[in-house]
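Undergrad: take this sequence and fold it.
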Amino acid sequence: MIIRTRTGDCIVAGRLSRDAEFSNVGSKNTPLTKFSVPARDTVQPDGSKQTEWINCEVWYEAAMNAAQLKKGDAVIVCGQLSTRSYTTRDGEERSEERLRADTSVSYTHLTLPTNSRV
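TA: Next up is the predicted model:
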């Protein structure tokens with residue numbers, strides 16, 4: 001699920017598709033944790049479902065806590081959403097949505113029954 005606020009922030013809720021990946025980046029070794037959350041399901045013309053994913057980046061102090069997130073954990077992430085378009089080596093046009101969360105916003109780690117949908 002994705003919600004856009006009046007202030008330009010976005011809120012994404014869902015379950016992680018894989019374990020969060022932690023790293024220190026740049027010359028200042030800035031903490032960064034990355035993970036993906038399903039944003040919405042769309043139905044294709046052939047009737048099949050396709051899930052759109054939001055790549056989340058959690059920075060600074062919040063990244064240290066987010067690094068503990070595991071596949072299947074339910075989360076709510078707040079931050080700034082951006083879209084990046086690029087061309088693959090095969091010449092295919094693609095776009096990627098990315099949600100950036102840092103110390104001015106927070107995420108919530110929820111414990112939900114495994115059969116519930118967020």
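
Undergrad: quick one: the helices in this structure?
TA: With DSSP state H as the criterion, the chain has helices at 60-66.

Undergrad: tell me, what residue is most central in it?
TA: Nearest residue to the geometric centre of the chain (C-alpha atoms, centre = their mean): Cys56, 2.9 Å.

Undergrad: return the residues in contact with that residue.
TA: 12, 34-37, 77, 79, 98-99, 101, 107 (C-beta atoms under 8 Å, 6 or more residues apart in numbering). For glycine as for every other residue, the C-beta is placed from the backbone atoms N, C-alpha and C.

Undergrad: could you dump those into a markdown table with neighbour count, pLDDT and distance to Lys49 added?
TA: Formatted as a markdown table, the contacts of Cys56 follow (neighbours: other C-beta atoms under 10 Å; pLDDT from 0 to 100; distance: C-beta to C-beta, whole Å):
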| residue | neighbour count | pLDDT | distance to Lys49 |
| --- | --- | --- | --- |
| Val12 | 26 | 85 | 18 |
| Lys34 | 17 | 94 | 25 |
| Phe35 | 25 | 94 | 22 |
| Ser36 | 18 | 91 | 17 |
| Val37 | 24 | 88 | 17 |
| Val77 | 24 | 86 | 23 |
| Gly79 | 24 | 88 | 26 |
| Arg98 | 15 | 89 | 23 |
| Leu99 | 25 | 90 | 22 |
| Ala101 | 24 | 85 | 27 |
| Tyr107 | 24 | 51 | 26 |
